[in-house]
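Engineer: Can you look at this prediction? I've put the sequence above it.
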Amino acid sequence: MYEPFYGFKVKPFALLPQEEFMFLSRQHRMALDLLIYGLRNEAMFCVVCGDIGTGKTTLIRYLLSRHGPRVSVGMVTGMNGTFTERMQWTLSAFELEYRGLDKIGMQHALVEFLKRQAVQSRRVVLVIDEAQALEAEVLEELRLFSNINAGRTTLLQTVLVGQLTLRETLRRSAMRQFAQRVAVDYLLSPLDKLQTQAYIRHRLGIACPGQEDLFTADACEVIFTASGGIPRIVNLLCDTALVYGYADQKSEIDAATVNEMLGDKARQGGWLFSRSGGRRSRPVTDSGG
């Protein structure tokens with residue numbers, strides 16, 4: 001709706017992961033570099049955790065969009081369920097046929113695929129998103145399956161991406177053997193105030209070069225205070241603020257516009273999020289200008 005008015009080629013603040021809009025803050029750059037290091041050095045398990053909306057999935061998609069031709073990547077979301085279902089999802093992620101195969105047949109198909117890739121000097125990476133949903137038994141199953149890695153050759157590398165509860169699970173004493181195989185473990189934190197402003201300007205510049213300063217510095221500060229630096233919430237607030245700006249035909253989004261939006265939402269019951277990315281019991285209130 002507001003895109004033509006502000007000259008945007010695409011919406012700058014969509015809520016879905018968009019690797020083309022990837023903003024590499026210091027913490028996102030660190031996570032990316034550690035993942036690249038781990039994968040290049042054949043780490044058996046890599047783990048990236050973060051609060052809801054901190055950009056974990058976008059980061060992984062950005063990483064995968066840049067992997068070389070000698071890497072085969074499969075990505076699944078969660079892997080709970082029966083063993084058969086988990087094997088079906090894994091085979092499907094690597095575009096392998098699983099129909100008509102029993103448990104043993106599916107596991108054999110996966111192992112043979114991994115061996116063929118190794119012969120061709122190709123690495124195989126399985127990415128499990130929303131891994132906080134994995135039960136401890138499933139994680140243990142992944143650890144046992146990693147025993148197929150023979151000698152100095154790592155046939156399968158696994159990247160677990162999940163919310164903070166994934167870290168809590170891996171810190172249990174019963175998960176010690178699994179934790180000892182994790183070569184990369186990084187906690188992705190929210191953006192700080194300056195990073196939030198840079199993030200907003202980065203996305204505006206991609207959507208329309210020359211519009212980087214559409215949001216004033218004061219508006220960015222209000223958005224940071226209301227969002228806690230969670231990128232997904234920043235996107236939600238900025239997108240709504242643009243609707244307000246368009247409705248008033250404003251050439252820039254200032255703190256008054258953002259505060260008007262936040263005030264309206266507060267009176268209407270607010271958004272169902274908290275500044276830590278979870279749910280909140282009270283609405284976001286005016287942050288001041």
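Structural biologist: Nice, thanks for sending it over.
Engineer: pLDDT below threshold where in the stretch 51-200 of the chain?
Structural biologist: 150-152 (pLDDT under 70).
Engineer: Could you list the buried residues of stretch 134-154?
Structural biologist: Of all the residues in stretch 134-154, those buried under the rule 16 or more other Cβ atoms under 10 Å are Leu134, Val138, Leu139, Leu142, Arg143, Phe145, Ser146, Asn149, Thr154. Yep, even glycine has a C-beta here, placed from its N, CA and C like the rest.
Engineer: how about Tyr199, what does it touch?
Structural biologist: For Tyr199, the contacting residues are Phe23, Ser25, Leu191, Pro231, Val234, by Cβ atoms under 8 Å, 6 or more residues apart in numbering.
Engineer: Quick check: the two most widely separated of those?
Structural biologist: Greatest spatial distance in these: Ser25 and Val234, 11.7 Å, computed using Cβ to Cβ.
Engineer: just so I have it, where are all the helices in this protein?
Structural biologist: For the chain, the helices defined by DSSP state H occupy 3-6, 26-40, 56-64, 83-93, 103-119, 136-145, 164-170, 176-179, 193-207, 217-227, 231-247, 255-268.
Engineer: What average pLDDT does the second one get?
Structural biologist: This means helix 26-40. Averaging pLDDT along helix 26-40 gives 94.
Engineer: repeat for the first one
Structural biologist: Predicted confidence along helix 3-6 averages 95 (mean pLDDT).
Engineer: that older thread, common neighbours of Ser25 and Val234, please.
Structural biologist: Residues touching both Ser25 and Val234 by Cβ under 8 Å, 6+ apart: Leu191, Tyr199.
Engineer: roughly how far out does stretch 111-119 sit from the chain middle?
Structural biologist: Put simply, stretch 111-119 sits 29 Å off its chain's centre (Cα atoms, centre = their mean, to the nearest Å).
Engineer: which residues are contacting that stretch?
Structural biologist: For stretch 111-119, the external contacting residues (Cβ under 8 Å, 6+ apart) are Ser72, Phe94, Leu96, Arg123, Val124, Ile148, Thr153, Leu155, Leu156.
Engineer: residue contacts, the fifth one?
Structural biologist: Meaning Val124. So Val124 contacts Val71, Ser72, Val73, Gly74, Phe94, Phe113, Leu114, Gln117, Leu155, Leu156, Gln157 (Cβ under 8 Å, 6+ apart).
Engineer: Now neighbour count and distance to Leu63 too, for these, in JSON lines please.
Structural biologist: As requested, these are arranged in JSON lines below (neighbours: other Cβ atoms under 10 Å; distance: Cβ to Cβ, whole Å):
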{"residue": "Val71", "neighbour count": "15", "distance to Leu63": "10"}
{"residue": "Ser72", "neighbour count": "19", "distance to Leu63": "14"}
{"residue": "Val73", "neighbour count": "19", "distance to Leu63": "9"}
{"residue": "Gly74", "neighbour count": "20", "distance to Leu63": "14"}
{"residue": "Phe94", "neighbour count": "18", "distance to Leu63": "17"}
{"residue": "Phe113", "neighbour count": "19", "distance to Leu63": "22"}
{"residue": "Leu114", "neighbour count": "21", "distance to Leu63": "21"}
{"residue": "Gln117", "neighbour count": "18", "distance to Leu63": "19"}
{"residue": "Leu155", "neighbour count": "19", "distance to Leu63": "20"}
{"residue": "Leu156", "neighbour count": "22", "distance to Leu63": "17"}
{"residue": "Gln157", "neighbour count": "23", "distance to Leu63": "13"}
